[in-house]
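Colleague: Test case, fold it:
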Amino acid sequence: MSEQTLGAWGEEFAAEEYRRQGFRVLDKNYFNRRGKRIGEIDFIAVEDTELVFVEVKTRTSDAFGTGADAVNIFKQRKLVKACKYFLLVHNEYKDFNYRIDVALVKTNLDRTITSVTILTNAVEDIQ
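Modeller: Model prediction:
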């Protein structure tokens, strides 16, 4: 069995954090599988009628910028497009409230968590 990449490991850790808050994870690494790839959502969680699309950034240091810095305007646009595509093809969620969160996972090289910060509604749907 191969070892998870740091990014995949951080995504799983963040998904567990959402589960602890009462969310159910619907899908992981979601992207449109037909046509032009418009972006990927690390995971999608739901609780009652709230749908949360989550982008996870895992870092061992901020030497090359923070995780939040990596979610620039171009990444935000891709996230919004991917979320809209999900809602378009999953009509069962059409009446749900939705938001896009960014989960920032900080860890040591040995994958000991130093902090997890969830930026709720971090990306606005401005398109």
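Colleague: which helices and strands sit right next to the longest helix anywhere in the chain?
Modeller: When the chain is parsed with DSSP state H, its longest helix is helix 73-89. On a contact count with 3 or more CB pairs under 8 Å, 6 or more residues apart in numbering; DSSP states H and E, helix 73-89 meets strand 41-47, strand 50-59, strand 97-107, strand 113-123. To be clear about C-beta, it is placed using only N, CA and C from the backbone, and glycine gets the same treatment.
Colleague: can you give me the offset of that helix from its chain's centre?
Modeller: Distance, stretch centre to chain centre, for helix 73-89: 11 Å (CA atoms, centre = their mean, to the nearest Å).
Colleague: and the direction of it versus that of strand 50-59, what angle?
Modeller: Helix 73-89 and strand 50-59 are oriented at 150 degrees to each other (axes from the mean of the first three to the mean of the last three CA atoms, to 10 degrees).
Colleague: Report the buried residues of helix 73-89.
Modeller: 76, 78-80, 82-83, 85-87 (16 or more other CB atoms under 10 Å).
Colleague: Kindly report the same for stretch 52-67.
Modeller: Neighbour-count burial for stretch 52-67 [16+ other CB under 10 Å]: 52-59, 67.
Colleague: Show the contacting residues for Leu79.
Modeller: By CB atoms under 8 Å, 6 or more residues apart in numbering, the contact list for Leu79 reads 39, 41, 53, 55, 71, 100, 123.
Colleague: can we see that at 10 Å?
Modeller: 38-42, 53-55, 71, 100, 102, 122-123, 125 (CB atoms under 10 Å, 6 or more residues apart in numbering).
Colleague: likewise Val123?
Modeller: Counting by CB under 10 Å, 6+ apart, Val123 has contacts 53, 55, 71, 73, 75-80, 83, 99-102.
Colleague: 6 Å - rerun?
Modeller: Neighbouring residues of Val123 by CB atoms under 6 Å, 6 or more residues apart in numbering: 76, 79, 100.
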